[in-house]
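Enquirer: The sequence isn't on hand, but the structure is:
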DNA sequence: CTGAAAGCGCTTACAG
DNA sequence: CTGAAAGCGCTTACAG
């Protein structure tokens, strides 16, 4: 393919001048500018991205780490991010950790190799201590996930509140035997949500049997399994707070199959407010997360950080969470 | 950050030797190799990706163009692609055309700028004539989409058959008044599907009123709109072949809201077999597309093409399509 | 307004 | 087995 040298030779000008034209510098004679532009056009010249990267020490590329793109929560997040990145002149590299610590770390290496200008962490498998060393190689922004020890910008929701309002709603509906499938991992997000659940339960003097908590469940199939475990119980829960709408949908689907009535026999609260939640029957009562807003905000902060080069300042954007009541409760 | 020079200086060796160690070349003294590896470790050295790209004239990056990541069909496709790309040492750039011709073209420019080694086209907004010039800048693989004039590898399904078996099924169920919402664009995929529909209809001597065809509809909201247009008709269709499960879900959702029984008053056939199809009630009878297989196959072909450098040979992989019968028909 | 020169950080013939 | 040199294709001081 044509290089800047060839354009220079063809026009009888120096590579410097051609470069100035490419980059829209002022102080280039208008006639020469036109001649160069024509030559570029004729040769089908496009500046080589690798050379620009090396020379300019930036890549105009941002990596976003998620755990599973087929989860609508993430695909909506990524959709918003891709939109903003495009508008601001950045490319987006999709990194799926698939809930694997090693993969997550390997993706963070992109920062070290200067393969991206920044990383948005929308999924978190490793401890903050493990992530921290990467911050010196470039900006990291957390989106959805968070960790109190992290001194990077975080765009997230108040998960404690989310856990609380969902549970509160079930209690208000008269339930006292409530199961929880939100996860209770090392991760702060799930821990907070769990604390919100606990808080609501304790306020009402309700107990939480160990067998009614289901950590680390994510997909539709997981939801089906949970239903079966509950269904097999003597004197089991009458309601369940699920960690995501997919899990909730799986529970509901299977409940119907076994003629267990939702919400009469088992009430279900989901999380996210994915399109799915209003499509299935009964509609899922759920905690609405502002996915688009989170994605947009996180990407905007990332781009600003890259462009301003100014040192990463810690900040927290806490976005509102909302209970959406449908027919599953 | 540390460069190869600094590693060389620290070890007293030449950059050449360090480079050999990095790239696992044979013919490096074992002791020296160890010393270099230690120094790299101490300095936290990681080879600069931009320099490698420029020097090696490759990027180890592949772009995938889709039209909407929040469509589960595409997120499943991308999921499979990301997996294979990762295994083979490639990064994936997510390019959303958002059904916009200009955006699609801008994404194809990545190939010209040598910003990616290849492009997988899983969405097609432009005519082949417009795409064709890009093929001389690097490998292009079509996935899902296709065009008879294109001389690039294509991994796809027989959409004519898909249109046919879905329609045939409705006819077998006794329907004679069948609407079509599969799109009927310039794009070969939708045109073939439409021809399959026509073929089945003609075989049974059925006519297709103009007002019963709905081109260019994609999402859940579109499905709802279609339902309303049908619902408002005097003597309207008793069945509809929708272009995707999201459209089908929208139709069904709204039908239920207006007490129009599915399938008794209106039978619905979807397309894709997204998870959604089996979750909603009634379950969507649909045409199963092997999304994972398509994504995997397309990415494998792409990587092979890049690695072998051998000239793109035209080939077509036609994957099976299958009718999945549920309760919506 | 314009150009010669240096350099971004690698890798690969080439010579030894 | 090892190193000096060239070069991938740009852009940016610097000098004019």
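Expert: Yep, it's here. Keep in mind that what you see is a predicted model, and the values were worked out from it rather than measured.

Enquirer: How about residue A:286: what's its closest non-neighbour residue?
Expert: Nearest residue to residue A:286, sequence neighbours excluded (Cβ to Cβ, 6 or more residues apart in numbering or on different chains): residue A:270, at 3.7 Å. All C-beta spots, glycine's among them, are computed from the backbone N, C-alpha and C.

Enquirer: what sits against that neighbour?
Expert: By Cβ atoms under 8 Å, 6 or more residues apart in numbering or on different chains, residue A:270 lies in contact with A:242, A:244-245, A:247-249, A:277, A:284-287, A:328.

Enquirer: one more time with 10 Å
Expert: Residue A:270 makes contact with A:166, A:223, A:240-249, A:251-252, A:276-277, A:280, A:283-288, A:324, A:326, A:328-329, according to Cβ atoms under 10 Å, 6 or more residues apart in numbering or on different chains.

Enquirer: Now the buried members of those.
Expert: For these, a neighbour count by 16 or more other Cβ atoms under 10 Å in any protein chain shown gives the buried set as A:166, A:223, A:240-249, A:251-252, A:276-277, A:280, A:283-288, A:326, A:328-329.

Enquirer: which bits of the stretch 51-200 of chain A sit near DNA strand D?
Expert: With Cβ under 7 Å from any atom of the strand as the criterion, the stretch 51-200 of chain A meets DNA strand D at residues A:51-52, A:54-56.

Enquirer: Put together TSV for those residues, with secondary structure, neighbour count and pLDDT on each row.
Expert: TSV is the format used below for those (DSSP: H, G, I helix; E, B strand; the rest coil; neighbours: other Cβ atoms under 10 Å in any protein chain shown; pLDDT from 0 to 100):
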residue	secondary structure	neighbour count	pLDDT
A:51	helix	15	96
A:52	helix	19	96
A:54	helix	20	96
A:55	helix	12	96
A:56	helix	10	94
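
Enquirer: among these, which are in reach of DNA strand C?
Expert: Among those, proximity to DNA strand C is found for A:51, A:54-55 (Cβ under 7 Å from any atom of the strand).

Enquirer: sorry, back to before: would you quantify the distance from the residue nearest to residue A:286 to DNA strand C?
Expert: Residue A:270 is 48 Å from DNA strand C, where distance means Cβ to the nearest atom of the strand, to the nearest Å.

Enquirer: got it, and residue A:53?
Expert: According to Cβ to the nearest atom of the strand, residue A:53 stands 9 Å off from DNA strand C.

Enquirer: now swap in residue A:152 and tell me
Expert: Residue A:152 is 24 Å from DNA strand C, by Cβ to the nearest atom of the strand.

Enquirer: Let me know the secondary structure of that residue.
Expert: With DSSP: H, G, I helix; E, B strand; the rest coil as the basis, residue A:152 sits in coil.

Enquirer: In contact with it, which residues?
Expert: A:119, A:121, A:128, A:131-132, A:135, A:139-142, A:146, A:301, A:305, A:312-316.

Enquirer: Could you report the neighbour count for the nearest residue to it once chain neighbours are set aside?
Expert: Residue nearest to residue A:152 in three dimensions, not counting chain neighbours: residue A:140, with 4.9 Å by Cβ to Cβ, 6+ apart. Residue A:140 has 25 neighbouring residues, counting by other Cβ atoms under 10 Å in any protein chain shown.

Enquirer: Please flag which of the contacts of residue A:270 sit within strands.
Expert: The strands, defined by DSSP state E, take in A:240-242, A:286-288, A:324 from these.

Enquirer: What is the nearest of those to DNA strand D?
Expert: When the ones in strands among the contacts of residue A:270 are ranked by distance to DNA strand D (Cβ to the nearest atom of the strand), residue A:288 comes first, at 44.6 Å.

Enquirer: Quick check, pLDDT for the closest one.
Expert: Note on residue A:288: pLDDT of 98.

Enquirer: ok, whatever residue of the stretch 1-150 of chain A ends up closest to DNA strand D - contacts?
Expert: The minimum distance from the stretch 1-150 of chain A to DNA strand D, using Cβ to the nearest atom of the strand, falls at residue A:4 (2.9 Å). Listed by Cβ under 10 Å, 6+ apart, the contact partners of residue A:4 are A:14-19, A:21-22, A:40, A:45, A:47-48, A:51.

Enquirer: just residue A:207 next, same as before
Expert: For residue A:207, the contacting residues are A:176-178, A:201, by Cβ under 10 Å, 6+ apart.

Enquirer: how close does it get to residue A:195?
Expert: 16 Å (Cβ to Cβ, to the nearest Å).

Enquirer: same check, this time on residue A:160
Expert: Distance, residue A:160 to residue A:195, by Cβ to Cβ: 5 Å.

Enquirer: Give the residue from those two that has the larger number of neighbours.
Expert: residue A:160 (20 against 15).

Enquirer: Sort out which residues of the helix or strand harbouring the more buried one are buried, please.
Expert: In this structure, residue A:160 sits in helix A:159-172 according to DSSP states H and E. Judged by neighbour count (16+ other Cβ under 10 Å), helix A:159-172 contains these buried residues: A:159-171.

Enquirer: Tabulate those residues in TSV, adding columns for pLDDT.
Expert: Shown next, in TSV, are the buried residues of helix A:159-172 (pLDDT from 0 to 100):
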residue	pLDDT
A:159	96
A:160	96
A:161	97
A:162	97
A:163	96
A:164	97
A:165	97
A:166	97
A:167	97
A:168	97
A:169	98
A:170	98
A:171	98
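
Enquirer: Which one of those is nearest to chain B?
Expert: residue A:166 (20.7 Å; Cβ to the nearest Cβ).

Enquirer: Name the nearest residue to that closest one, ignoring sequence neighbours.
Expert: Counting by Cβ to Cβ, 6+ apart, residue A:269 is the residue found nearest to residue A:166 once chain neighbours are left out, at 4.6 Å.

Enquirer: Could you report the neighbour count for the closest residue in space to residue A:211 that isn't next to it in sequence?
Expert: Closest residue to residue A:211 apart from its sequence neighbours, by Cβ to Cβ, 6+ apart: residue A:233 at 7.3 Å. By other Cβ under 10 Å, 12 other residues sit near residue A:233.
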